[in-house]
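Peer 1: structure, please.
(one chain, ligands or ions: 1)
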Amino acid sequence: MIRFSSITKAFDARTVLEGVSLDVQSGRITALIGPNGSGKTTLIKVLLGLARPDGGTVSIDGVVTDPDGAYRRHVGYMPQAARFPEHLRVREVFDLVTAMRGAPPRDEELIEAFGLPREWERPVGTLSGGTKQKVNAAIAFLYAPDILVLDEPTAGLDPVAAGILRERMRREQAAGRLVIVTSHVIAELEELAQDIAFLIDGRLEFTGSVADLLARMGAPHVEPAIAQLLKQARAAHALAESPRGADGVPEVA
Ligand code: ADP
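Peer 2: Predicted coordinates:
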């Protein structure tokens, strides 16, 4: 289990995370959602040791993490868009990751499932966005991490590849791993995740199971439930209006 305890973070004078306390369970997929700018990426960066909180701690299985600590070897991270050196061939990207880890890969299933050996000799800069995402995903799973953090993992993937990735996530969950996923596609998260953590303006407005969220909001699906929660929270905190899409639905995730 990952426990975020009273995490606060400010950039300059702007508070981005305001005392976020959240337990994320192993053996479950947790969807981290919230409007743009609500602090999701910052919270993930705190977990990854890429941002230092101003206050609070992160503990994994009861042990408080040291931002430079070895725990990071147990975390697989798929960023929204990986930036690989464009001139490197796909093979060389994997060689680089393997050299940095100093150990042979433990899980090459996605490399095969995504047909990456066919792209092996191509420079990364010539790959389509979807193929880069496949490389990105395969790297996140490469060392069979206990914790997987996937930021918009299926964005840009074709439906077949997205299905392969969702199936892998479910298998990791079934094997007892902890999976955190963000996505703009709420219907996809509803299908995948058992738990939801909903951030609004750096505050955690809901944490619990999908079933709890639906029951609390009396909604049939996650999308209307979080739209309603967002409306209530904004009214309660008298916050500025969030960006809205053309259909008037608050933009989430
Ligand atoms: P989300 O992932 O939910 O869209 P972020 O965590 O990326 O939100 O950002 C939360 C807020 O923090 C935003 O207002 C963003 O502009 C700000 N922010 C994020 N990173 C930095 C940074 N390195 N320096 C200054 N402000 C930042």
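Peer 1: residues touching the closest residue to the ligand within the stretch 51-200 of the chain, list them.
Peer 2: The minimum distance from the stretch 51-200 of the chain to the ligand, using C-beta to the nearest ligand atom, falls at Leu199 (6.5 Å). For the C-beta atoms, the positions are set from N, CA and C on the backbone; glycine is no exception. Going by C-beta atoms under 8 Å, 6 or more residues apart in numbering, Leu199 touches Val20, Leu32, Ile33, Gly34, Ser38, Gly39, Lys40, Leu43, Glu205.
Peer 1: of the residues you listed, which belong to helices?
Peer 2: Lys40, Leu43 (DSSP state H).
Peer 1: how about the contacts of Leu199 in TSV, adding pLDDT, neighbour count and distance to the ligand?
Peer 2: Below are the contacts of Leu199 laid out as TSV (pLDDT from 0 to 100; neighbours: other C-beta atoms under 10 Å; distance: C-beta to the nearest ligand atom, whole Å):
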residue	pLDDT	neighbour count	distance to the ligand
Val20	98	24	11
Leu32	97	29	9
Ile33	95	25	9
Gly34	93	26	5
Ser38	93	25	4
Gly39	95	25	4
Lys40	95	21	4
Leu43	97	28	7
Glu205	94	19	13
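Peer 1: out of the contacts of Leu199, which is nearest to Gly176?
Peer 2: Leu32 (19.8 Å; C-beta to C-beta).
Peer 1: returning to that earlier point: and whichever helix or strand the residue of the stretch 51-200 of the chain closest to the ligand is part of, which strands flank it?
Peer 2: Per DSSP states H and E, Leu199 falls inside strand 195-200. The pairing partners recorded for strand 195-200 under DSSP bridges are strand 29-33 (parallel), strand 203-209 (antiparallel).
Peer 1: so which of these is the most surrounded?
Peer 2: strand 29-33 (a mean of 26; mean count of other C-beta atoms under 10 Å).
Peer 1: among the strands paired with strand 195-200, which is nearest Arg177?
Peer 2: Among these, strand 29-33 sits nearest to Arg177 (C-beta to C-beta), with 9.3 Å.
Peer 1: can you put the strands paired with strand 195-200 in CSV and add distance to Ile186?
Peer 2: Converted to CSV, the strands paired with strand 195-200 look like this (distance: least, C-beta to C-beta, whole Å):
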stretch, distance to Ile186
strand 29-33, 7
strand 203-209, 14
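Peer 1: and stretch 53-69, average pLDDT?
Peer 2: Average pLDDT, stretch 53-69: 91.
Peer 1: that stretch: end-to-end distance?
Peer 2: 15 Å (C-alpha to C-alpha, to the nearest Å).
Peer 1: chain center to that stretch: distance?
Peer 2: Put simply, stretch 53-69 sits 18 Å off its chain's centre (C-alpha atoms, centre = their mean, to the nearest Å).
Peer 1: tell me if I'm right that Arg72 and Lys45 touch.
Peer 2: No: contact criterion C-beta atoms under 8 Å: Arg72 and Lys45 do not qualify, at 12.0 Å.
Peer 1: if I look at Asp151, how far off is Ala82?
Peer 2: 10 Å (C-beta to C-beta, to the nearest Å).
Peer 1: quick one, which of the two is more surrounded?
Peer 2: More neighbours surround Asp151 than the other of Asp151 and Ala82, with 20 against 16 (other C-beta atoms under 10 Å).
Peer 1: distance of that one from Lys40?
Peer 2: Distance from Asp151 to Lys40, by C-beta to C-beta: 8 Å.
Peer 1: need the overlap of contacts for those two.
Peer 2: In contact with both Asp151 and Lys40: Thr182, using C-beta under 8 Å, 6+ apart.
Peer 1: wait, is Ile7 part of a strand?
Peer 2: Yes: secondary structure of Ile7 (DSSP: H, G, I helix; E, B strand; the rest coil): part of a strand.
Peer 1: what about it, neighbour count?
Peer 2: 25.
Peer 1: neighbours around Val63, how many?
Peer 2: 10.
Peer 1: what sits closest to it if chain neighbours are left out?
Peer 2: Tyr71 (7.7 Å; C-beta to C-beta, 6 or more residues apart in numbering).
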